[in-house]
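# Below: sequence and its predicted model.
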There are 2 protein chains.
Amino acid sequence: MTELEKGPTGRRRGRGARERILSASQQLFREQGINRTGMDQLCAAAEVSKRTAYQHFTGKDELVAEYLRRFDPSVLSGVLDRTDLTPRERLLAAFDIPPTTPLCPYIGAAVELHDPQHPASQYARDYKKAVAARLADTAREAGAADPEQLGEQLALLLDGAAARTRVVNADAFPTAAAIAAVLIDNAIPATAGDDQRQEKAAN
Amino acid sequence: MTELEKGPTGRRRGRGARERILSASQQLFREQGINRTGMDQLCAAAEVSKRTAYQHFTGKDELVAEYLRRFDPSVLSGVLDRTDLTPRERLLAAFDIPPTTPLCPYIGAAVELHDPQHPASQYARDYKKAVAARLADTAREAGAADPEQLGEQLALLLDGAAARTRVVNADAFPTAAAIAAVLIDNAIPATAGDDQRQEKAAN
DNA sequence: TGTTATGTACACCGCCCTGTGTGCTTACGG
DNA sequence: CCGTAAGCACACAGGGCGGTGTACATAACA
C-alpha cells in the first residue's frame, strides 16, 4: 500500500499525501499510542511535510478522529457478514482474532484521550454500540431468546479480552471465546440450532 | 483528608508531604489520566513544592508506580475476604461496584504508559494476575470444577466491564454480573452448594 | 540550644509538543 | 504551454513538560 496512488476520485493532483498520513497513523498510533506519537514523527513516517499534514487536517484531534473511522469495514463486520457460516459460528468467529492485533484502538483512544467530548471518543462510543447492535442482530438470526442482551454480553467479552490482553500481556481471547460459547448455548433455545448442539461444558 | 498528620510511624519530622502527593495522585490521575496530569499541577494540588516531590520520588515514573500500589487493600480484597457471605456470594459481590469508580486504574495505566517494561505496567500485570488468583481461590472454595478457569473468566469479565464502562460511558457491570452468575452456576457441580442452588437460566 | 532532616519558594534548563509563515517545486489539466 | 492547486523544506513561535539549583524556613530531636 501507500504506493502513491493519486486517489480514486481523480481529484488531488499531487501524490496522495492524505492517504499516506492516515496509513502512517494506523501503524504508529497502534504501535506507540496516540499521545506518544508526535506529528513530526508521523509526518516523517508518512513522507509528508508537516505543512501538508496541517492542510489536510485542522489539527491532531481531527486526524485522530479520522484515523478511528478507518477500521469500520475491516475488523468485525467482515466476520459477521460471512455467509458460509451459521449465525452461531459467526458469533464465535468474532473471537478468533489473529494474535497480531495489539489492542482495540477504540478502547485505546478513549483511555488515552480521556475526554468523552473528544470527537474520537464520541466515535469510539458510537462504534462500540454499533458492534453490540450487530452482534445482537446475528444473535437474533441465531435464534437467541434475548438477542440484545446476548449482543451486549458478547461485546463486553470482546472488550474484556482486548483490555486484559493488553494489561496482562497474554492472549485472553480464547478465554473470552469459551465464555461466549457458554453464553450462546445458554441463550439459544434447544430447538433453534441444527448442527451446533454440543453440551455446555465445552471447556 | 490531607490534614497534615505527620505519619503513623513517627519517622519523617516535617508535615507529611509524601502522603499529600500520593493522595493528590489518586485524585488527579483518575480524573485526568496520567499523561495529562503534569507535575506542576499535581504539586499544586498536593500543596507541595515541586522540589519536595522530587526528593520523595526520583521521577514521575516512580510516583506512578507507587500510586498504583495504593489500591491493593481497598478495592477487591475487601469483598473477597468477607466472611458473612458464601463463596459464591463473594464472587458475585465483586461485580457490585459503586457507580462512582470511573475506571480500573491498572488498565488506564497500562494503556496510557504504553510500555510493558514500565514499573507501573509490570505492577498492573502482577496485580491483575493476583486478582485472578484470588478469584480462583474463592472459586475453589465455592467448589468450582475448574477454579483457575473460573477465576480467569471472572477476571476477564471485570476488566471487560471496566473498559466498556469507560468507552461506552455507561455502567457495564450489571451485564458482567449477569454473565458471572451464569458462569458460576455452570462451573459449580450440582452437589457443591448448600443454599446457592438456582437453575442456570438466571437471566 | 543547635544540628539535621524535611519542606518551601522561585527561577531556570532543555526537550518535545502542536501548530504557522514563507517561499519554492512539482504535477496535472486545460 | 501555462496556470494553478497540491505538496515540500525549513525555520520558528509558544507552551507544557519533566527535572534541577539555589537559598531559605521550619520542625523534631539531641
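Nice, I can see it.
# Any part of the helix or strand harbouring A:Ala178 near chain B?
For A:Ala178, the enclosing helix or strand under DSSP states H and E is helix A:173-187. Yes: contact of helix A:173-187 with chain B (CB under 8 Å from any CB of the partner chain) involves A:175-176, A:178-179, A:182-183, A:186. Glycine gets a C-beta too; all of them are placed from N, C-alpha and C.
# Show me which residues of the lowest-mean-pLDDT helix or strand in chain A are buried.
When each helix and strand of chain A is scored by mean pLDDT, DSSP states H and E, helix A:77-80 comes last, with a mean of 72. Within helix A:77-80, the residues that qualify as buried are A:79-80, counting by 16 or more other CB atoms under 10 Å in any protein chain shown.
# Please parse chain A into its domains.
Chain A breaks down by automatic domain parsing into domains covering A:17-63, A:77-187.
# quick one, which of those is nearest to B:Val131?
Among the domains of chain A, the nearest to B:Val131 by CB to CB is domain A:77-187 (10.2 Å).
# Check A:Tyr123 and give its pLDDT.
Looking at A:Tyr123, its pLDDT stands at 93.
# okay but it is in contact with A:Ala65, surely?
Yes: contact status for A:Tyr123 versus A:Ala65: in contact at 5.9 Å, counting by CB atoms under 8 Å.
# so the residue lying closest to A:Ala109 once chain neighbours are set aside is in which element?
Nearest residue to A:Ala109, sequence neighbours excluded (CB to CB, 6 or more residues apart in numbering or on different chains): A:Ala120, at 5.0 Å. Taking DSSP H and E as the definition, one finds A:Ala120 inside helix A:119-141.
# contacting residues around stretch A:55-74?
Outside stretch A:55-74, the residues that touch it by CB atoms under 8 Å, 6 or more residues apart in numbering or on different chains are A:17-18, A:21-22, A:25-26, A:29, A:34, A:39, A:53, A:105-106, A:109, A:113, A:118-120, A:123-124, A:127.
# Now do the buried residues in that stretch.
Buried residues in stretch A:55-74, counting neighbours by 16+ other CB under 10 Å, are found at A:56-57, A:60, A:63-68.
# roughly how far is it from the heart of the chain?
From the chain centre to the centre of stretch A:55-74 is a distance of 14 Å (CA atoms, centre = their mean, to the nearest Å).
# ditto for stretch A:35-55
Using CA atoms, centre = their mean, the mean C-alpha position of stretch A:35-55 is found 24 Å from that of the whole chain.
# Using CSV, write out every CA atom in it.
Taking Å, rounded to 0.1, in the frame of the first residue of the first chain, the C-alpha atoms of stretch A:35-55 are listed here in CSV:
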residue,chain,number,x,y,z
ASN,A,35,-0.2,10.7,22.9
ARG,A,36,3.3,9.2,22.4
THR,A,37,3.2,9.8,18.7
GLY,A,38,4.2,13.3,17.7
MET,A,39,3.2,15.0,14.5
ASP,A,40,6.8,15.3,13.5
GLN,A,41,7.4,11.6,13.7
LEU,A,42,4.1,10.9,12.0
CYS,A,43,4.8,13.2,9.1
ALA,A,44,8.3,11.7,8.7
ALA,A,45,6.8,8.2,8.6
ALA,A,46,4.2,9.3,6.0
GLU,A,47,6.9,11.0,4.0
VAL,A,48,4.8,14.2,4.2
SER,A,49,5.8,17.6,5.2
LYS,A,50,4.2,18.9,8.4
ARG,A,51,2.8,21.8,6.5
THR,A,52,0.9,19.5,4.2
ALA,A,53,-0.5,17.5,7.1
TYR,A,54,-2.0,20.6,8.7
GLN,A,55,-3.5,21.5,5.4
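# Would you mind listing the residues in contact with the residue nearest to A:Ala109?
A:Ala120 touches A:61, A:64-65, A:67-68, A:109-110, A:113, counting by CB under 8 Å, 6+ apart.
# What are the buried residues along stretch A:46-55?
For stretch A:46-55, the neighbour count (16+ other CB under 10 Å) marks A:46, A:48, A:52-53 as buried.
# Among those, name the ones in helices.
Among those, the residues falling in helices (DSSP state H) are A:46, A:52-53.
# Also near DNA strand C: which of the residues of helix A:173-187 next to chain B, exactly?
Among the residues of helix A:173-187 next to chain B, no residue lies close to DNA strand C (CB under 7 Å from any atom of the strand).
# now those as a markdown table including neighbour count and pLDDT?
Output for these, formatted as a markdown table (neighbours: other CB atoms under 10 Å in any protein chain shown; pLDDT from 0 to 100):
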| residue | neighbour count | pLDDT |
| --- | --- | --- |
| A:Thr175 | 22 | 96 |
| A:Ala176 | 27 | 96 |
| A:Ala178 | 19 | 96 |
| A:Ile179 | 29 | 97 |
| A:Val182 | 20 | 94 |
| A:Leu183 | 24 | 95 |
| A:Asn186 | 20 | 90 |
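# Excluding residues flanking it in the chain, which one is nearest the closest residue to chain B within chain A?
With CB to the nearest CB as the measure, A:Gly160 is the residue of chain A nearest to chain B, at 2.2 Å. Distances taken as CB to CB, 6+ apart put B:Gly160 closest to A:Gly160, at 2.2 Å, once the chain neighbours are dropped.
# which intervals of chain A have sub-threshold pLDDT?
Residues of chain A meeting the criterion pLDDT under 70: A:1-15, A:72-77, A:190-203.
# got the residue ranges for the helices in it?
Counting by DSSP H, the helices of chain A are A:17-32, A:39-46, A:50-56, A:60-68, A:77-80, A:87-93, A:105-113, A:119-141, A:147-168, A:173-187.
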